[in-house]
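**Student:** predicted structure and sequence below. I'll ask about it afterward.
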Amino acid sequence: AAICGRECKGVVVSFELIARWSPPLVARVTGGLFVLYIAASFLADTLAKIGVTDSQQVFTAMTSNPLAFRLGLLAAFVSGFIFVVTAWALYVLLARVGPQWSLLFLLLNAVGVAVQCASLLALIGALQLVDPVGGPPDLSRAQVNALAYWSITVYETGFVAAQLFFGTWLFPLGYLVYRSGFLPRVLGVLLILDGVAEMVWLVQALVVPTRPDLRVPGIYVSLLAEVGLALWLLIMGVKVPDGQAAEARVPPTGMGRSSG
């Protein structure tokens with residue numbers, strides 16, 4: 001439930017607009033944002049192979065259809081922005097359950113998005129290298145391709161590093177979902193398992209990169225946990241007692257000020 005303009009363990013969450021929304025509406029907006037993020041990520045993977053892929057697939061997508069690859073890059077940046085906004089909406093929704101834990105998962109998510117977006121800059125560099133018009137004129141095609149592959153490898157390393165934050169944000173999120181009382185506890189358990197799966201992927205990619213099969217079970221856990229949470233929020237929303245719902249809609253007395 002979203003708490004706006006009300007003290008919660010010494011922390012006041014006061015958003016004048018959100019304060020006038022009911023908790024079910026906040027939940028459905030959050031679910032809609034989550035679904036948009038998933039759709040944008042899917043589009044980035046489809047057009048530019050950005051995500052769980054390998055260097056050869058990215059290079060092929062980059063050289064075979066540069067326009068589609070650029071659109072995929074745009075989708076990847078947009079998905080990062082939507083993900084941060086989704087995390088903020090989850091923070092608003094779950095701040096009453098645990099304000100400190102809510103702030104923690106919001107910060108971890110934001111850092112993860114920053115690292116992932118920074119890694120995408122290497123793909124922009126690779127795209128400029130293989131551009132037949134604007135590429136470096138003094139290098140042979142073999143040298144250009146080698147540099148492009150190196151840039152793609154830098155991107156992949158950065159993308160994997162971002163999983164440290166995308167994995168750890170799921171632990172406080174799952175804990176709060178489990179404790180909330182207005183979301184299914186099974187979703188909280190799945191989110192925590194999703195965090196474990198992300199940590200397995202991080203270790204596998206950095207320590208044993210020749211064993212990508214180790215992360216396969218975690219992909220299904222992630223799909224079930226994150227799509228499940230998004231669809232539950234969008235379709236089912238949340239239910240809170242009438243008294244609490246009315247309190248959640250009380251407008252704040254002042255923007256960004258503590259009461260008492």
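**Tutor:** Happy to help now that I have it.
**Student:** now the helices for the stretch 151-260 of the chain?
**Tutor:** 170-180, 185-207, 216-231, 242-248 (DSSP state H, counting those that start in this stretch).
**Student:** CSV for these, including mean neighbour count?
**Tutor:** C-beta: built from backbone N, CA, C; applies to glycine. As requested, these are exported to CSV (neighbours: other C-beta atoms under 10 Å):
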stretch, mean neighbour count
helix 170-180, 23
helix 185-207, 19
helix 216-231, 16
helix 242-248, 13
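**Student:** low-confidence ranges in the stretch 1-150 of the chain?
**Tutor:** 1-21, 52-53, 134-135 (pLDDT under 70).
**Student:** just the strands in it please.
**Tutor:** Assigned by DSSP state E, counting those that start in this stretch, the strands in the stretch 1-150 of the chain fall at 6-8, 11-13.
**Student:** quick one: closest of the helices of the stretch 151-260 of the chain to Pro24.
**Tutor:** Proximity to Pro24 (C-beta to C-beta) singles out helix 242-248 among the helices of the stretch 151-260 of the chain, at 7.9 Å.
**Student:** so for Asp242, what's the pLDDT?
**Tutor:** Predicted confidence (pLDDT) for Asp242: 52.
**Student:** format the helices of the stretch 151-260 of the chain as JSON lines; extra columns: distance to Val160.
**Tutor:** Listed next are the helices of the stretch 151-260 of the chain as JSON lines, based on distance: least, C-beta to C-beta, whole Å:
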{"stretch": "helix 170-180", "distance to Val160": "16"}
{"stretch": "helix 185-207", "distance to Val160": "4"}
{"stretch": "helix 216-231", "distance to Val160": "13"}
{"stretch": "helix 242-248", "distance to Val160": "39"}
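**Student:** would you single out the least confident of those?
**Tutor:** Looking at the helices of the stretch 151-260 of the chain, the bottom one is helix 242-248 with a mean of 48.
**Student:** quick check, Tyr155 in contact with Ile124.
**Tutor:** No: with contact defined as C-beta atoms under 8 Å, Tyr155 does not count as touching Ile124 (9.3 Å).
**Student:** which one of the two is surrounded by more residues?
**Tutor:** Tyr155 (23 against 13; other C-beta atoms under 10 Å).
**Student:** tell me how far that one lies from Trp169.
**Tutor:** Tyr155 is 21 Å from Trp169, where distance means C-beta to C-beta, to the nearest Å.
**Student:** equivalent analysis for Leu190, please.
**Tutor:** According to C-beta to C-beta, Leu190 and Trp169 sit 15 Å apart.
**Student:** what residues are up against Arg70?
**Tutor:** Counting by C-beta atoms under 8 Å, 6 or more residues apart in numbering, Arg70 touches Ala48, Leu127.
**Student:** mind running it again at 10 Å?
**Tutor:** Arg70 is in contact with Leu47, Ala48, Met62, Leu123, Ile124, Leu127, counting by C-beta atoms under 10 Å, 6 or more residues apart in numbering.
**Student:** residues in contact with stretch 136-149?
**Tutor:** With C-beta under 10 Å, 6+ apart, stretch 136-149 has contacts from 55-56, 58-59, 62-63, 122-123, 125-132, 135.
**Student:** okay, now Val144: neighbour count?
**Tutor:** By other C-beta under 10 Å, the burial measure for Val144, its neighbour count, is 17.
**Student:** my bad, Gly31
**Tutor:** 24.
**Student:** so it touches Leu187, yeah?
**Tutor:** No: applying C-beta atoms under 10 Å as the test, Gly31 and Leu187 come out as separate, 11.8 Å apart.
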